[in-house]
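# How does the following fold in three dimensions:
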Amino acid sequence: MIGKLTGMVGHANQDGLILVDVGGVGYSVRVPLLSLPELTGAVSLFIHTAVRDDAIDLYGFPDEDGLSFFKQLMSVSGIGPKTALSIMSVADSGSLRRAIALGDAAALVKVFGLGKKSAERIVVELRDKVAAEHKARGIAPGVLDMDGEVLEALMALGYSAPQGRSVLKELGDEQGHSVKERLSAALKRLGSVAVK
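This is a model prediction of the structure:
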């Protein structure tokens, strides 16, 4: 089983499949779409190897935290590696974990575009585990409940949902302690005039 690959990115496509050249051997690795811009030149990826009857698939993550959350998502019934990767392609693991810790399946549906049943299943099966991790790390999950409103406002102003999710990821937990402040920070990042 492959646990980590370090090499050069030889090719990447828009579907999240990259070719990592390790000592002359090219490995096809599926990565979250959000990671693609970072993955150029020399890379080191933590790998999950999925073995099926007809294929061996490699899923790669720039850090151990991403790999750990990927495995947590796969522990949910009905969520396989491809679904887990597609979930991680629309939002960073920190934002998803905050939504799960809050027990906010509606935010997962609204902000991250998951189906209602999948979102509820993820919350039910992972909430206690993720909340315990947050408590152990001293992380407050309170920002995400504002992000649904901020995303709706950005979409009303003409931005796409992926643009909104991307800028909210960039903002992280630190910028904005109210919807208005967070929206203003998001608009500044998007190059627009801040809301007054």
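
# which SS state does residue 54 fall under?
coil (DSSP: H, G, I helix; E, B strand; the rest coil).

# mind checking pLDDT for it?
We have a pLDDT of 90 for residue 54.

# swap in residue 30?
94.

# so what's it bridging to?
Beta-bridge partners recorded for residue 30 (DSSP bridges): residue 17, residue 59.

# State the distance from it to residue 149.
33 Å (CB to CB, to the nearest Å). From N, CA and C alone the C-beta is placed, and that goes for glycine too.

# what about the two, which has more around it?
Taking other CB atoms under 10 Å, residue 30 and residue 149 do not tie; residue 30 has more neighbours (20 against 16).

# What strand or helix carries the residue nearest to residue 161 when sequence neighbours are not counted?
The shortest distance from residue 161 to any non-neighbouring residue, by CB to CB, 6 or more residues apart in numbering, is to residue 155 (6.2 Å). Using DSSP states H and E, the element containing residue 155 is helix 144-156.

# Ramachandran angles for the nearest residue to residue 65 once chain neighbours are set aside?
Take residue 65 and drop its neighbours on the chain: the residue closest to it by CB to CB, 6+ apart is residue 93, 6.2 Å away. The phi and psi torsions at residue 93 (degrees, to the nearest 10) take the values phi -60, psi -30.

# Tell me the confidence at residue 93?
pLDDT, residue 93: 76.

# picking up where we left off before, just give me the neighbour total for the residue nearest to residue 161.
Residue 155: 13 neighbours (other CB under 10 Å).

# for residue 86, same thing?
Considering only other CB under 10 Å, residue 86 is surrounded by 16 other residues.

# Let the chain start at 55 from now.
All right, first residue 55 from here; so that's residue 140.
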